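A.B. asks: Okay, sequence plus prediction incoming.
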Amino acid sequence: MNDLLRIEGLTIAPAADPQRLLVNDVSFALSPGRTTCIVGESGSGKSLSALAIMGLLPSALKRQSGHVIFQGNDLTTFSSTQMQDIRGKRIGMIFQEPMTSLNPVLNVGFQIGESLAVHLGLGGKALKSKVAALLEQVGIPPERASSYPDELSGGQRQRVMIAMSIACEPAMLIADEPTTALDVTVQAQILSLLAELKQRMNMGMLFITHDFGVVADIADDVVVMFRGQVVESGPVNDVLGSPQHPYTQALLACVPDAAGLKPLKPIDYAWLNEAAL
Amino acid sequence: MSELILSAKGLVKTYRQRSGKYGFGSTTIHALDDVAVSVRRGSTLAVVGESGSGKSTLARCLLQLQPLDAGEVYFEGSNLAGLSGSELRAARRHLQMVFQDPFASLNPRMKIGEIVGEGLLIHHMGNAAERRDRVVRMLERVGLSQADMQKYPHEFSGGQRQRIGIARALVLEPRLVVCDEPVSALDVSIQAQILLLLKELQQEMGLSYLFISHDLRVVRHMADEIAVMHRGRVVEQGDVAQIYADPQQEYTRKLLNSIPGQHRLAH
């Protein structure tokens, strides 16, 4: 299998409390042109796993063991200078809050151009036309390059974030709850934009979400996390269609369906503890 | 057809907002633009819409937490907009609210017993022993215990705090409860627990709900009727199953089509 990214035995704990495993022996793989969704509830370790891939764990946390193999190289052995060449250039990132991840005092054209200038050494007219092309690609009129973040809507800001993250044509995109803060109609637009860009650029996309509806729309493969562990993973139709693990089954039973036909069933954690873990 | 517990019509609420260069200009925002809604006794009306559609303003204006520019709100026959301060306070016993953010809506310096019991005190309901008894019963009903009365909000998880918020609203035995995005800050497993709790309590206590939400999947499970808001107007209102099956308005169709989990995207 031609893996773009392979996580092997990733284990993370607070430096001060090494027994408390926040991410516990997590392994999964991502292929070019495919989307892997990590799905789980808050505290399941899904965002920490993504931060660890980028070498961006908070300093209070420590990766105890495990490897992050990206295009054949183990990123955990890279120096911080080497990682700078990976982040933003070969792996793009989008975060949840389009309000807080943009700098309010710089116009969006500058912010999109910044990584092009740093990583590719572009400048002057070449930079300007590349920024315009990127804005067009994400569905924003190029003349908005001179706008400041507060002049844009939430959806437009997330489009700007996407333009920034794909500027250097990365091989892989990490999107951490990119549509959670958005209205449902805007969410639908952003999801189809991401799916389209992934296909056109043959990117591998690691998509972190808590929403099974979003998973059903966008995932090729699914990794279900619970209390720091991967409880189930596989192709989306298998995991959603015939979930094998009791936690996945219980979590899916909590999700209200749009047709309103299925009764809601909350998770019985006592039962789950006995049944599975 | 059951009778209406709440009916409002001609609701108008505008805000002035600074605009233009350096904020010297001003524009008028129509948060509510001639809105009419009604809630049947014992049933749930869900108000759905995207951010800025006016759904939270509607909730606050119905409860007279914000003054209306125009319009009438009839609750059990009396016009809330015409009541004096003390009459309104008395009416509020029957009109309670459950808020979105279980972290911001509980006073961090008050114990749970005080938070849940405060409404009883304000409305002079029972003596100290009776009030305590009611608080204990309510806490137990929402899945907490007597021992929790001595604790502070920070000792609880988000889902437990939302249970406290529900206990605080329901201990007064209100008739109408406005739930403003009560589960949108919660994980999906906790969300299911809270939604089921709200439904059970509605049955037991004969409550009517005005349920504000942006989540159309949640609304489908909770509501009997829905009102779809867009830019300060109700664009469509009616039976929930009927509207989901056969939306009449373009905007409703667009909203329902955007519910994630219905279409596979490009591969």
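C.D. replies: Sure, I can see it.
A.B. asks: A:Met205 belongs to a strand, doesn't it?
C.D. replies: Yes. Per DSSP: H, G, I helix; E, B strand; the rest coil, A:Met205 lies within a strand segment.
A.B. asks: ok, it - contacts?
C.D. replies: A:Leu30, A:Arg34, A:Thr35, A:Thr36, A:Met172, A:Leu173, A:Ile174, A:Ala175, A:Leu194, A:Lys198 (CB atoms under 8 Å, 6 or more residues apart in numbering or on different chains). Glycine gets a C-beta too; all of them are placed from N, C-alpha and C.
A.B. asks: Tell me the residues of the stretch 1-150 of chain B that contact chain A?
C.D. replies: For the stretch 1-150 of chain B, the residues in contact with chain A (CB under 8 Å from any CB of the partner chain) are B:Glu50, B:Ser51.
A.B. asks: Taking the stretch 1-150 of chain B, what residue is nearest to chain A?
C.D. replies: Nearest residue of the stretch 1-150 of chain B to chain A: B:Glu50, at 3.9 Å (CB to the nearest CB).
A.B. asks: just for chain A, where's the confidence low?
C.D. replies: Scanning chain A for pLDDT under 70 picks out A:1, A:98, A:275-277.
A.B. asks: before we move on, the earlier item: burial check on the residue of the stretch 1-150 of chain B closest to chain A, number of neighbours?
C.D. replies: Applying other CB atoms under 10 Å in any protein chain shown, we find 18 other residues in the vicinity of B:Glu50.
A.B. asks: was I right about it contacting A:Asp183?
C.D. replies: Yes. Taking contacts as CB atoms under 8 Å, B:Glu50 lies within contact range of A:Asp183: 3.9 Å.
A.B. asks: Now do the shared contacts for the two.
C.D. replies: The contact sets of B:Glu50 and A:Asp183 overlap at B:His214 (CB under 8 Å, 6+ apart).
A.B. asks: can you list the domain ranges for chain A.
C.D. replies: Domain assignment for chain A, taken from automatic domain parsing, gives A:5-90+A:172-241, A:101-167.
A.B. asks: Please render the ones you listed as TSV that adds distance to A:Trp271 to the earlier fields.
C.D. replies: Formatted as TSV, the domains of chain A follow (distance: least, CB to CB, whole Å):
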stretch	distance to A:Trp271
domain A:5-90+A:172-241	14
domain A:101-167	39
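A.B. asks: Of those domains, which is nearest B:Leu120?
C.D. replies: Each of those has some distance to B:Leu120 by CB to CB; the shortest is domain A:5-90+A:172-241, at 33.7 Å.
A.B. asks: Would you map the helices across the chain?
C.D. replies: Let's take chain A. Remark: helices assigned in chain A by DSSP state H are A:46-54, A:80-86, A:108-120, A:124-137, A:154-166, A:184-201, A:212-218, A:236-241, A:246-254, A:269-275.
A.B. asks: other chain: chain B
C.D. replies: Using DSSP H, helices in chain B cover B:55-62, B:85-92, B:112-122, B:128-141, B:158-170, B:188-205, B:216-222, B:240-245, B:250-257.
A.B. asks: Mind exporting the C-alpha coordinates of the second one to CSV?
C.D. replies: The C-alpha coordinates for helix B:85-92 follow below in CSV (Å, rounded to 0.1, in the frame of the first residue of the first chain):
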residue,chain,number,x,y,z
GLY,B,85,-42.8,45.2,36.1
SER,B,86,-44.4,43.3,39.0
GLU,B,87,-47.0,41.6,36.9
LEU,B,88,-44.3,40.5,34.5
ARG,B,89,-42.2,39.1,37.4
ALA,B,90,-45.2,37.1,38.5
ALA,B,91,-45.8,35.8,35.0
ARG,B,92,-42.2,34.7,34.7
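A.B. asks: any idea how far that helix is from the chain center?
C.D. replies: 19 Å (CA atoms, centre = their mean, to the nearest Å).
A.B. asks: Nearest the geometric middle of chain B, what residue?
C.D. replies: Here the mean C-alpha position of chain B is nearest to the C-alpha of B:Cys179 (CA atoms, centre = their mean), at a distance of 2.1 Å.
A.B. asks: what's near enough to touch A:Ser115?
C.D. replies: Counting by CB under 8 Å, 6+ apart, A:Ser115 has contacts A:Gly88, A:Lys89, A:Met164, A:Ala167, A:Cys168.
A.B. asks: Including neighbour count and distance to chain B, could those go into TSV?
C.D. replies: Converted to TSV, these look like this (neighbours: other CB atoms under 10 Å in any protein chain shown; distance: CB to the nearest CB, whole Å):
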residue	neighbour count	distance to chain B
A:Gly88	20	25
A:Lys89	18	25
A:Met164	25	22
A:Ala167	26	21
A:Cys168	18	22
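A.B. asks: Let me know the closest of those residues to B:Thr252.
C.D. replies: A:Met164 (34.4 Å).
A.B. asks: Next, the contact list for the closest one, please.
C.D. replies: Residues counted as contacts of A:Met164 (CB under 8 Å, 6+ apart) are A:Gly92, A:Gln111, A:Ile112, A:Glu114, A:Ser115.
A.B. asks: Appreciated, that's everything.
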